[in-house]
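1. Have a look; sequence and predicted model below, questions after that.
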Amino acid sequence: MRNISLIFKQFSRSVLLVAGLVVCGLTAHAQTDAAKGEAIFKAKCTACHKIDTRMTGPALGPQLTQETDDAYLTKWIQNNQALIAAGNKKAVKIFNEYNQAGMTVFAELSDADVGNVITYIRADWKKIQDDKAKAPAGGAVAEDKGPSSLVIWGLLGVIVIAFIVILVLNKVIATLERLLLNRQGLALEEATEEEKAPADRLATVKKLLKNKKLVFFIVVCGTIAMGSFSWVTMWNTNVHQGYQPVQPIKYSHQLHAGAMKIECQYCHTGAFKSKNASIPSLNVCMNCHKSVKTESPEIHKIYDALGYDPNTAKYDSTKAKPIQWVRVHNLPDLAYFNHSQHVKVGNIKCQTCHGQVQEMQEVYQYSPLTMKWCIQCHKRTEVNGKGNAYYDSILSAHEKIKKGEKVTAAVLGGIECAKCHY
Amino acid sequence: MDSNKKYWKGLEELNKTPEFVEKNKHEFAEPIPIEEVLSGGGLSSKTPRRDFLKALGFGVGAVTLAACQKVPVHKSIPYLIKPEEITPGVANYYSSTYDGSAILVKTREGRPIKVEGNPNDLLSKGGLSAQAQASVLELYDTSRIKDPQQNGGDSSWASVDAFVKSELAAIAASGKTISLVTSTVHSPSTQAVIADFILKYPTAKHVSYDAVSYTGIIKANQNSFGKAVLPHYNFDKADIIVSFAADFLGTWISGEEFTRQYVQNRNNKSLEAKKMSRHIQFESGMSLTGTNADVRIAIKPSEEGVALVNLYNALSGTTLPGSRKLTTANADKAIILVATELKAAKGKALVVCGSNDVATQVLVNAINSLLGSYGTTIDLDNPSRQYAGNDGEIVDFIAQAKSGQVGAALFLDANPAYDYHSAAAVKDALKNVRLKVSFSDHADETTALCNIVAPNHHYLESWGDDSSIEGYYTVMQPTINPVNNTRQAEQSLLVWSDNAVKDYYTYVRNNWNNNLLAKGGLSGQAGWETLLQTGFVLAAPVAAGTYTFNLDLNAVAQTVLNQSAKLAEGNKVELQVYQSVAMRDGKRANNPWLQELPDPVSKVTWDNFAAMSPSDIKKLGLEEFEVVTIEANGYTVSLPVLSQPGQAPGTVSVAVGYGRTAAGLVGNNVGKNAFPFLSFRNGTFQNTATADLKGTGDIFPLSQTQTHHSFEGRNVIREATFTEYKKNPSVNSGSDGEHEKYDLWENTNEDHIHARPVYDWVMAIDLNACTGCGACIVACSAENNIPVVGKDEVGRRREMHWIRIDRYYSFNNDSNGHGISREKEIAKLTDFDNVTVVHQPMLCQHCDHAPCETVCPVLATVHSSEGLNQMAYNRCVGTRYCANNCPYKVRRFNWFNYWNDSRFDNYLNNEHTQLVLNPDVTTRFRGVMEKCSMCVQRIQAGKLQAKIEKRPLKDGEVKVACQQTCSANAIVFGNRNDPNSEVSKALKSERTYYVLEELNVKPGIGYQVKVRNTSSELQA
């Protein structure tokens, strides 16, 4: 029997080897074609097409799988205008279907190039569909993997309860043991020793308590500690430095502002011209996310809010419902703050007050936003009036007074009440 | 030379009534009952130690619990798709039109929050009336009708349209009249829509009438010159203006425009050129215009006609049959003197009359013709379109409706069930009308009688246009999407008449493309877009022609004199019905800003009253605020009596616009309706009647602000005559003799706290330009989120207005030209009928040595390096020391959270109305002080704009709200450090003085001496 299995092993190995080589060769051949096609596809087609979804043009995967007439496809891709002009039925139909917006002409592509592209698209579409077929099971597994917070808390609870049970049981055991020992009259000596030691300790405490100076010292220290603690606590009432609420969409500044290096004011357009920096309206998101990361569930929240259907690229305003972001930076109503004054006129970087937002996964309140914080900055920040004609007369008027001292915002009246409170 | 003239705000101040003295002792009329608490059971009773500990324990516990509360989560909801032109936090301005004036509407995030005048407006050049300022609040009125209604229940537009169309078709087929009842329509497009409607339904008729009518003038011009128009008056071209009961600075035709014109010959610029117009007013009740007159002569309504006949006689040298002397010798003499002056100023004179009687107006035409006014001060060729109603039409309509000839009545901007003199007749007549449609967006008195309500948009939601003066066309554009399910009345008319143009916007566009744009040299899409920016087109005016009156006056004089004689019949009181400056014809009665605006003369808020002369009140044994019943024309009304110095003896004046029963939450049952006192005589509505007057003994206190915030008799008014001024421009201003100025602080040190290196914001107020109209008060309320407190609170002296207009009476000079001291005058009380008036806007003076600042224990009010007296609300703890120490009495205390207190439901206590608040100004909390900030939010915004554009701040770029709305340009604001600024120039005027200068608080607001162009001859 053993021999048979060995023989079988060897045989199967060689068969597998051969089979593997054959498969490798085949795929290698397919890869070269598809790779060429992929390169061309990425360079020329992705501006308007995707394989699995409709963008400006149709979703190419299903389109090219349905359409098997490669000659027609090649002609269409190379010069669709000619086909339409010639009155090809299929061409005219799709032309009309897409609001008579013709496709770009790719006369530079050879028949082979086009063939490669078609091969790539069909292969890729097949792959996507295969993945999809597998996905349900895999997806379910993936979902199960992430334990819900309820489970975690449940586990924690079980652990805590178990710990308590153990403690109680320990205690019970200890009591039982002592009872046993007592009955046996063994532990008496130890017990007397234990009693003696606490009495000694108490004696030292009593001795110390009689030292009035020390008691006074301790009381004073205690009062100071408690006082300063409550002082600090009270000063920080309603100061929410570090406030990091959970937002309705998991938007990452780290990704957008950090990795992608998108300018802050691309989205926060108000910062340069208004008192509000303003949270971008969703049409700003859609500038990119009409085609970027369209499958992400977070992006779909944007689509849902807008009533946008990515398959038809149509908006349905009746389904639109605004996104309610949670405000991170809450200045009280009694304080007037104007972004444009600071960002545009004062040339202050966003990060000065908001921290390294480009490194924040989720935004939190970086600065305390207290009046003390405002005033300190106004006292320290030098006003740079160079190149701004507004400041010419103002600085000259102040230079008379200050005689070369540094001109801070405070010197120009930046800490007066009615600069912020009205 | 210091004048020894006495100024007083009210008779209680003059007579030092005990109540006044007591109330005036304290800054706040009702002291907080601390003493009661202390003397009563409160703290001095047996020390309840346990109770104290309990309270303490509970307090600490409660506070701790309260502090545990999580800070509320604030949501930020951005636009889904942001309109390109909106930047959150930045205001957009749209040009539009209000009642024929070009305006700018300030919107924030798509909601209108303030109306401002268009600086290029033909009428008032950027000035705006209190009504226009207040109109934005009505957009957010919660009493507005929210859906179309059919037979009293909510309905849909489709069902209303189907019903109305079938009804109209049936009525037209039956041959019955379809009456479209409107107040004057001066919008060209609306007129065209109505014309189209009439084309579709040939039995339709447009009935145009105005609650307060000018039919008399229109008909008189038809009679005299064959032109049925309301002339365009040019008060700026008149050197002498004689007005017979025409309140042309207030309510007469075009108050804001006339104020602008009038002041041009009386302001600083004119005075420096040694030019000043003369203005003589003959009237019964004291009107806003009367208070501004150089000479005011009180005459009874019955003497107006006699006086006009006498004036004509004196001017023409003839004697009309039946002429007789006036009953008072003083007035008689005055007419002769006025005639002499008028003759001397031929071609530069203007006589106007407030009467709506055709014969009287024909006589006035004859006088003006003698004076050569046509073509100069009166323009008949570019007429006003502001009022074109015909009183006969509404009378006919009611008669026809009663007889069943009217099948349908449509009411657009018309409320005859309230403002027609016989509401019962209207109700009666409408019973016989099959289809009654109201376009009102409020469930007003007429709407209650209608079976269909097709609510109209507010004008800030509407497309449209307007034309107040011939050749001047303004455009109206919406600034917000309709708040409720309303539809523009014009749109409804288009739908109901199956017009080819389905949409009123297109209709307006077509009308402008075809007819109006070309008048301003514009055309096409580009022209329309230009129009939307500029707001108006102005066709080149036609040259004003001269017209001569050459008809026989004998019959006219006879009619006038007969009417006068009839009015004076019996020993009755003569009743005169007038429009109050705040409430006008009562269409805006549901506007709390207007209700709380003190009447410029009487200073009464939230009520109308029977104004009588103090001597009459004494004679009839009445008390102040005693309710009297007035019966005239078969209508009786009970109103509190108010003693009004300057009122002609034997007369009583009552304002219309009050007594609405279906205006809304605010306006219902405020005052009493005086429209029923009007009567239809000789083809027009007349506002005079003979009345029976009886006291009832009941007292109905009015909330009158006149003696609130008193100066305790300190001399704050400086006045001079034009003759004195010409001799010495600095007369009475106190600036002619240099006096040494003392300072508590060392001022030489440049590091001094009071140094103002760059800006020194100050203000100059020309008392000679201010007419006292009060538009600034409403503008300030709109800009600075000032709460409305209601009648009861005003009665407790708790009104919150940051700017008030103090109205001072004083006795006329005696024959020697000397001021009359009080002691001498008290004896002869009749002279209360002969007083002069000065209006003084009073607001925080932003003193350099502010007394309020030194007493604040928490430094909540301090001075800025720009000369502003700053108020930090969130630092204020409400000791009210500052108000006590303010010599100008301009600080206001928040007794309540007016925006979150059910007692103030009629104003801001709902989220919808709060949308009108200016988001750049905080709403103040209960228990803090507030006061004029010199619109610091505008100063800051102006500076920021300059910084962003990298240029210096220009003079005049920052305008404060009160200055902006002032048609008279009485208020100038700017930087005193800039020697070329308007305000610096104004303050350099010799007339400049500072109120209570002697206190050395160094106020930042300079006033300019009131100059009166009197002549000693005219004063008896």
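-> Everything's here; your move.

2. Count the neighbours of residue B:274 for me.
-> 10 (other Cβ atoms under 10 Å in any protein chain shown). To be clear about C-beta, it is placed using only N, CA and C from the backbone, and glycine gets the same treatment.

3. I'd say it and residue B:726 touch.
-> Yes - if you go by Cβ atoms under 8 Å, residue B:274 and residue B:726 touch, sitting 5.9 Å apart.

4. Show me how the chain divides into domains.
-> Assuming you mean chain A. Structurally, chain A divides into domains by automatic domain parsing as follows: A:33-135, A:149-212, A:370-422.

5. oops, chain B please
-> B:149-208+B:389-469+B:471-538, B:216-384, B:570-704, B:707-735+B:761-1012.

6. In terms of mean pLDDT, which of the ones you listed ranks lowest?
-> Ranked by mean pLDDT, the domains of chain B bottom out at domain B:707-735+B:761-1012, with a mean of 86.

7. That one and chain A in contact?
-> Yes - using Cβ under 8 Å from any Cβ of the partner chain, domain B:707-735+B:761-1012 reaches chain A at B:862, B:864-866, B:868, B:870-875, B:920-923, B:933, B:936-937, B:940, B:943-944, B:946-953.

8. State the three-state secondary structure for residue A:283.
-> What DSSP: H, G, I helix; E, B strand; the rest coil gives for residue A:283 is helix.

9. That one and chain B, how far apart?
-> 4 Å (Cβ to the nearest Cβ, to the nearest Å).

10. For that residue, which non-adjacent residue is spatially closest?
-> Once flanking residues are discounted, residue A:283 sits nearest to residue B:81: 4.4 Å by Cβ to Cβ, 6 or more residues apart in numbering or on different chains.

11. What is the burial count for that neighbour?
-> Residues near residue B:81, counting by other Cβ under 10 Å: 15.

12. and it, what is it in contact with?
-> A:281, A:282, A:283, A:306 (Cβ atoms under 8 Å, 6 or more residues apart in numbering or on different chains).

13. swap in residue B:927?
-> B:876, B:877, B:878, B:893, B:894.

14. Now with 7 Å, please.
-> Shown in contact with residue B:927 (Cβ atoms under 7 Å, 6 or more residues apart in numbering or on different chains): B:878, B:894.

15. repeat for residue B:392
-> So residue B:392 contacts residue B:683 (Cβ under 7 Å, 6+ apart).

16. which residue packs closest to the residue in the stretch 351-500 of chain B positioned nearest to chain A, ignoring adjacent ones?
-> For the stretch 351-500 of chain B and chain A, the shortest gap (Cβ to the nearest Cβ) falls at residue B:481, measuring 13.6 Å. Nearest residue to residue B:481 in three dimensions, chain neighbours excluded: residue B:461, at 7.2 Å (Cβ to Cβ, 6+ apart).

17. name the helices or strands packed onto the helix or strand residue B:241 falls within?
-> In this structure, residue B:241 sits in strand B:240-244 according to DSSP states H and E. Applying 3 or more Cβ pairs under 7 Å, 6 or more residues apart in numbering or on different chains; DSSP states H and E, one finds that strand B:240-244 contacts strand B:278-283, helix B:301-316, helix B:329-344, strand B:349-353.

18. From the contact counts, what lies against the last one?
-> This points to strand B:349-353. Here strand B:349-353 touches strand B:240-244, helix B:358-370, going by 3+ Cβ pairs under 7 Å, 6+ apart.

19. any chance of those in a markdown table, with mean neighbour count and distance to residue A:381 too?
-> Shown next, in a markdown table, are the helices and strands packed on strand B:349-353 (neighbours: other Cβ atoms under 10 Å in any protein chain shown; distance: least, Cβ to Cβ, whole Å):
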| stretch | mean neighbour count | distance to residue A:381 |
| --- | --- | --- |
| strand B:240-244 | 26 | 59 |
| helix B:358-370 | 26 | 68 |
